[in-house]
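Peer 1: Test case, fold it:
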Amino acid sequence: MAELTLTAFLTLDGVYQAPGGVDEDTSGGFAYGGWVFPYADEDMGAFMEEVFRRPAAFLLGRRTYDIFAAYWPKVTEEDDLIAAGLNELPKYVVSSTLRDPQWQGTTVLDGDLVTEVTRLKEQTRGGELQVHGSGQLARALHEAGLIDTYRLLVFPVLLGAGRRLFGEGGAPTALEPTSARTTSSGIAIQTYRRGGPARFGTIGE
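Peer 2: Model prediction:
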């Protein structure tokens, strides 16, 4: 069974919306897109290359899929590890409206999410089943207990607005840290394994 991993870019206040560009996602009147740009550095690039050496397939939400599909097929350099992975490996997109995907290697999942993803984890071999971004999908997978590893890149910026990855109402969950590093521009890269329900107590007792 493949490990399902989530890689997400977050601000310090937990926003994941529109990290890559000013016009990437302005829904809800969001005006702060492109917040990754000032902090992207060689350390971040090296980490992302590490991540993209591991996938066997990708699982994406519809919004992230559309953003990726508009860009990555145009990147054809043979030495671009990220482009090669995204263009050549199987891609599964969760959507009830996408009917005719044009990006080669795409399969649409429109059935029960837990059933479909459990089946994917069981049949995927040779690497990770990777989720990138895809906040709404990521939250649903988190709530269903289907994410095995969380790779969170936390950027040193506060926005005060935008969609947050882990909002109120989620299941209290413990995460076990497996690695941590900070890039030269201050991005905190934290990797966790799912650790079961959150635990509580009182200090000093």
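Peer 1: average pLDDT for stretch 90-103?
Peer 2: In this model, stretch 90-103 carries a mean pLDDT of 95.
Peer 1: Now do it: everything it contacts.
Peer 2: 56-62, 65, 68-69, 73, 105-110, 113, 116, 120, 137 (C-beta atoms under 8 Å, 6 or more residues apart in numbering). Placement of C-beta: from N, CA and C, glycine included.
Peer 1: any chance you could map the helices in the chain?
Peer 2: Using DSSP state H, the helices of the chain run over 42-51, 62-71, 81-88, 113-123, 135-143.
Peer 1: so which of those helices is the most packed in?
Peer 2: Among those, helix 135-143 has the highest mean neighbour count (mean count of other C-beta atoms under 10 Å), at a mean of 20.
Peer 1: Please name every helix or strand in contact with that one.
Peer 2: For helix 135-143, the packing partners by 3 or more C-beta pairs under 8 Å, 6 or more residues apart in numbering; DSSP states H and E come out as strand 4-11, strand 55-61, helix 113-123, strand 128-132.
Peer 1: Give me the mean pLDDT for the shortest one.
Peer 2: Yep, that's strand 128-132 we're talking about. 98.
Peer 1: gap between the residue nearest in space to the middle of the chain and residue 171?
Peer 2: Against the mean C-alpha coordinate of the chain, by C-alpha atoms, centre = their mean, the closest residue is residue 132 at 2.7 Å. The spacing between residue 132 and residue 171, counted by C-beta to C-beta, to the nearest Å, is 22 Å.
Peer 1: Residue 107 too?
Peer 2: 29 Å.
Peer 1: ok now do the residue nearest to the centre of the chain, which residues does it touch?
Peer 2: Residue 132 neighbours (C-beta under 8 Å, 6+ apart): 7-8, 58, 60, 64, 68.
Peer 1: swap in residue 151?
Peer 2: So residue 151 contacts 5-8, 51, 189-191 (C-beta under 8 Å, 6+ apart).
Peer 1: Enumerate the beta-bridge partners assigned to it.
Peer 2: residue 7, residue 191 (DSSP bridges).
Peer 1: Model confidence score at it, please.
Peer 2: At residue 151, pLDDT is 98.
Peer 1: gap between it and residue 79?
Peer 2: Counting by C-beta to C-beta - residue 151 and residue 79 are separated by 23 Å.
Peer 1: With residue 169 instead?
Peer 2: 44 Å.
Peer 1: ok, residue 42 to residue 29 distance?
Peer 2: Taken as C-beta to C-beta, the span from residue 42 to residue 29 is 34 Å.
Peer 1: do residue 122 as well
Peer 2: For residue 122, the distance to residue 29 equals 41 Å [C-beta to C-beta].
Peer 1: Let me see the contact set for residue 85.
Peer 2: 52, 55, 58.
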